[in-house]
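A.B. asks: Quick check, what structure comes out for this input:
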Amino acid sequence: MKATPNAIGRPPKFAGPRRPVTVTLPERTLRHLAVIDSDRARAIVKATDAAVRCNGKNEPLVETVDVAKGQSLIVVGPSRSLRSIPWLRLVEITPTRYLLAIPPGTAVDSLEVAILDKAESDAGNDPYEKSLLMNLYHVLRASRQRHAVTKAEILFVCPLALAKNHAATKPDTKS
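C.D. replies: Now for the predicted structure:
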């Protein structure tokens, strides 16, 4: 990017609005960033773009992943709008990929209505959010109309409970 004739200092590295930030990172992360790009700011931008799938690749925002014969899970990308639904939990399975968890007894059509509400209000000016929400809505709606939606339970455990009882979970190797 070229500097304007009256600009003071060096030209900006990135197009669009930007601002300086200060952050403390682990040494291993700094080493990983250096592998991506010798310029730390560019490395952070590249890693972030890759992580949130904003890098121009045509990857789905909502996908169904086969887990058993005739059964699939819905996996979504990160969503500010979905996070704002108080009773919906996004369970991170890989960086930027989430399962949807709803409380027991919650009807699937309640989730459909909440998603449509968010698409109309929260996501109005954000094409990414609007696209994700509408894609998710269409997957849920089509599945519900075909009577092809079932729910199952996910086990959640407290990490502290695992640490305290870790010895009890180790297999007995004395024989």
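
A.B. asks: And the contacts of stretch 62-78?
C.D. replies: By CB atoms under 8 Å, 6 or more residues apart in numbering, the surrounding residues in contact with stretch 62-78 are 52-53, 61, 82, 90, 93, 96-100, 132, 135-136, 139-140, 150. Backbone N, C-alpha and C define where each C-beta goes, glycine included.

A.B. asks: OK, contacts around Arg40?
C.D. replies: 30, 33-34.

A.B. asks: now do 10 Å
C.D. replies: The contact partners of Arg40, by CB atoms under 10 Å, 6 or more residues apart in numbering, come to 25, 30, 33-34.

A.B. asks: just to revisit the earlier point, of the contacts of stretch 62-78, buried ones?
C.D. replies: The neighbour-count criterion (16 or more other CB atoms under 10 Å) marks 53, 61, 82, 90, 97-98, 100, 132, 135-136, 139-140 among those as buried.

A.B. asks: so Val75 is in which element?
C.D. replies: Val75 belongs to strand 71-76 when assigned by DSSP states H and E.

A.B. asks: Quick check: can you name the pairing partners of that strand and their directions?
C.D. replies: strand 62-68 (antiparallel), strand 97-101 (antiparallel) (DSSP bridges).

A.B. asks: Next, the buried residues of that strand.
C.D. replies: Buried residues in strand 71-76 (16+ other CB under 10 Å): 74-76.

A.B. asks: Report the secondary structure state of the residue nearest the centre of the chain.
C.D. replies: Among the residues of the chain, Pro78 comes closest to the average C-alpha position under CA atoms, centre = their mean, at 2.6 Å. Put simply, Pro78 is coil when judged by DSSP: H, G, I helix; E, B strand; the rest coil.
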